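**Q** this one's structure only:
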Ligand SMILES: NC(=O)C1=CN([C@@H]2O[C@H](COP(=O)(O)OP(=O)(O)OC[C@H]3O[C@@H](n4cnc5c(N)ncnc54)[C@H](OP(=O)(O)O)[C@@H]3O)[C@@H](O)[C@H]2O)C=CC1
Ligand SMILES: N[C@@H](CC=O)C(=O)O
Ligand code: NA
């Protein structure tokens, strides 16, 4: 058996996705160490949250991060110092960003140019300014640069193969005409439970609380309800399809945040006051019901027209979008090759385990490229 190569892993963020990723990583490490053709030793050398970090100056692998991190008194290094620490590791390094933090996303070019690869479900890197997008992909080896590799499958549709499919459509020369569907696990869960096709359904505010408890929402659920999370995903898909979308606020996005709650100081205050607006949402539901329809939160990208939009629409109860279950996303790619029958991807679009699967899958892609 050949002697094992060593790859170092640094993980930022140990929330719902981070925890699930770290659990998948330990399984993967055990499988890869036994690979007969290419044995690999995966060494976890950094784990951090916004307040605490675990690492050793001599790059010794961390053990029992789950018990050690809560009691650690070590604060995280500032991002440039983290890059400096990682770049001196005695082997290839992959940074796994499981946060939704903008500052971490803004630092990707710094890590990539120094040869550190990145895998992440963080949408902010790919859906903020077009300048950041360009700077990330001009630094990465799987862009036009010569730095580390970067993959972000779980930034759209969690673990569903949405980004890899769109990239392959484009790279194999198909023309993408339109992308449409349900892009939010939270919004899918909310409307499927609030207005199921079979009738009935819960109070809107109670379903929002349930979506948060299930780990579907962003850290602050207002980022889902204001439509920005879906707008970020459509920005990413539109850019991959060739549209230079400037930002997720450069096209129409419908917010479900009541005007009176726009000034809430925190997500918790917002959740506490949301029940005051259940009657408004019930009216919306009743109006759709009168037409024999249901309300769903959808989005679309029209590539030839360069148009992106996000918001509520009414659907016949027989429509596939109306019949979604749980946190399912449905994403339809209309392309020249597929004609009138779009390529459709459907399945759970949120949740720790399925999102982490996309991140772990991306890590495997990087490990293959780092041979
Ligand atoms: N949950 C889901 O279903 C999906 C999530 N995603 C994306 O995955 C990412 C993680 O989501 P999720 O796990 O649900 O979020 P959580 O809120 O559960 O976890 C976020 C983690 O990031 C840490 N963090 C936040 N800011 C920083 C920082 N500046 N430096 C270091 N650590 C930081 C938090 O630490 P602390 O506790 O100290 O703040 C926490 O450990 C997000 O980008 C989200 O959009 C994508 C698809 C689906
Ligand atoms: N909050 C997001 C998480 C995945 O991107 C969603 O609900 O879809
Ligand atoms: Na995905």
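**A** Yep, it's here. Nothing here was measured: the structure is a model prediction, and the numbers come from that model. Ligands and ions are numbered 1, 2, ... in the order given.
**Q** Next one, pLDDT for whichever residue of the chain sits closest to ligand 1 please.
**A** Taking CB to the nearest ligand atom as the measure, the point where the chain comes nearest ligand 1 is residue 15, at 1.8 Å. (Each C-beta comes from the backbone N, C-alpha and C, glycine too.) Per-residue pLDDT puts residue 15 at 97.
**Q** got it, and residue 62?
**A** pLDDT recorded at residue 62 is 97.
**Q** all strands for the stretch 201-350 of the chain, in order.
**A** Counting by DSSP state E, counting those that start in this stretch, one finds strands in the stretch 201-350 of the chain at the ranges 293-302, 307-316, 328-335, 343-348.
**Q** Any chance of CSV for those strands, columns distance to ligand 2, mean neighbour count and mean pLDDT?
**A** Shown next, in CSV, are the strands of the stretch 201-350 of the chain (distance: least, CB to the nearest ligand atom, whole Å; neighbours: other CB atoms under 10 Å; pLDDT from 0 to 100):
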stretch, distance to ligand 2, mean neighbour count, mean pLDDT
strand 293-302, 10, 22, 98
strand 307-316, 13, 18, 98
strand 328-335, 7, 22, 98
strand 343-348, 10, 17, 98
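**Q** Redo those as TSV? Include distance to residue 212.
**A** Putting those into TSV (distance: least, CB to CB, whole Å) gives the following:
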stretch	distance to residue 212
strand 293-302	16
strand 307-316	20
strand 328-335	18
strand 343-348	17
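**Q** List the contacts of residue 20.
**A** Counting by CB atoms under 8 Å, 6 or more residues apart in numbering, residue 20 touches 352-353, 355-356.
**Q** I'd guessed residue 331 sits against residue 324; true?
**A** No: contact criterion CB atoms under 8 Å: residue 331 and residue 324 do not qualify, at 11.4 Å.
**Q** shaky segments in the stretch 51-200 of the chain?
**A** By pLDDT under 70, the stretch 51-200 of the chain has no low-scoring segment.
**Q** Which parts of it are strands?
**A** So, for the stretch 51-200 of the chain - with DSSP E, counting those that start in this stretch - the strands run 53-55, 92-97, 117-119, 150-151, 176-182.
**Q** and of those, who's closest to ligand 3?
**A** When the strands of the stretch 51-200 of the chain are compared by CB to the ion, strand 150-151 sits nearest ligand 3, at 10.3 Å.
**Q** So is that closest one next to ligand 1?
**A** No: counting by CB under 6 Å from any ligand atom, ligand 1 has no neighbours in strand 150-151; the shortest distance is 13.5 Å.
**Q** Can you pull the residues of this protein lying near ligand 2?
**A** Counting by CB under 6 Å from any ligand atom, the residues of the chain close to ligand 2 are 158, 184-186, 216-218, 224, 229, 349-350.
**Q** who wins for most neighbours among those residues?
**A** residue 349 (32 neighbours; other CB atoms under 10 Å).
**Q** ok, now which ones touch the residue nearest to that one when sequence neighbours are not counted?
**A** Of all residues not flanking residue 349 in the chain, residue 329 sits nearest, at 3.1 Å (CB to CB, 6 or more residues apart in numbering). Listed by CB under 8 Å, 6+ apart, the contact set of residue 329 reads 157-158, 160, 162, 181-185, 188, 345-349.
**Q** Can you tell me, leaving aside adjacent residues, what's nearest to the residue of the stretch 251-371 of the chain found nearest ligand 3?
**A** As assessed by CB to the ion, ligand 3 sits closest to residue 358 within the stretch 251-371 of the chain, at 5.0 Å. In space, and not counting its chain neighbours, residue 358 is closest to residue 154: 3.3 Å by CB to CB, 6+ apart.
**Q** returning to that earlier point: what residues are shared contacts of residue 331 and residue 324?
**A** Residues touching both residue 331 and residue 324 (CB under 8 Å, 6+ apart): 182, 346.
**Q** Correct me if wrong: residue 25 contacts residue 32.
**A** No: the criterion here is CB under 8 Å, and residue 25 misses it with residue 32 at 10.1 Å.
**Q** Next, show the common contact partners of those two.
**A** residue 42.
**Q** Up against ligand 1, what does the stretch 251-371 of the chain have?
**A** So the stretch 251-371 of the chain meets ligand 1 at 350-351, 355 (CB under 6 Å from any ligand atom).
**Q** Mark which of those are part of helices, please.
**A** Members of these lying in helices (criterion: DSSP state H): residue 355.
**Q** what residue is smack in the middle of this structure?
**A** Nearest to the mean C-alpha position of the chain, counting by CA atoms, centre = their mean, stands residue 155 at 2.7 Å.
**Q** thinking the residue of the chain closest to ligand 1 is in contact with residue 98, fair?
**A** Yes: between residue 15 and residue 98 there is a contact under CB under 8 Å: 6.8 Å.
**Q** Looking only at neighbour counts, state which of these two leads.
**A** In this view residue 15 and residue 98 are compared by other CB under 10 Å, and residue 98 has more residues nearby, 28 against 14.
**Q** just checking, that one touches residue 24?
**A** No: counting by CB under 8 Å, residue 24 is not a contact partner of residue 98; they are 11.6 Å apart.
**Q** Common neighbours of these two, please.
**A** residue 359.
**Q** quick check, residue 363 in a helix?
**A** Yes: Residue 363: assigned to a helix according to DSSP: H, G, I helix; E, B strand; the rest coil.
**Q** quick one, what contacts it?
**A** By CB under 8 Å, 6+ apart, the contact list for residue 363 reads 9, 25, 28, 94, 96, 119.
**Q** would you list the residues you listed in a markdown table and tack on neighbour count?
**A** A markdown table is the format used below for the contacts of residue 363 (neighbours: other CB atoms under 10 Å):
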| residue | neighbour count |
| --- | --- |
| 9 | 25 |
| 25 | 19 |
| 28 | 18 |
| 94 | 24 |
| 96 | 29 |
| 119 | 26 |
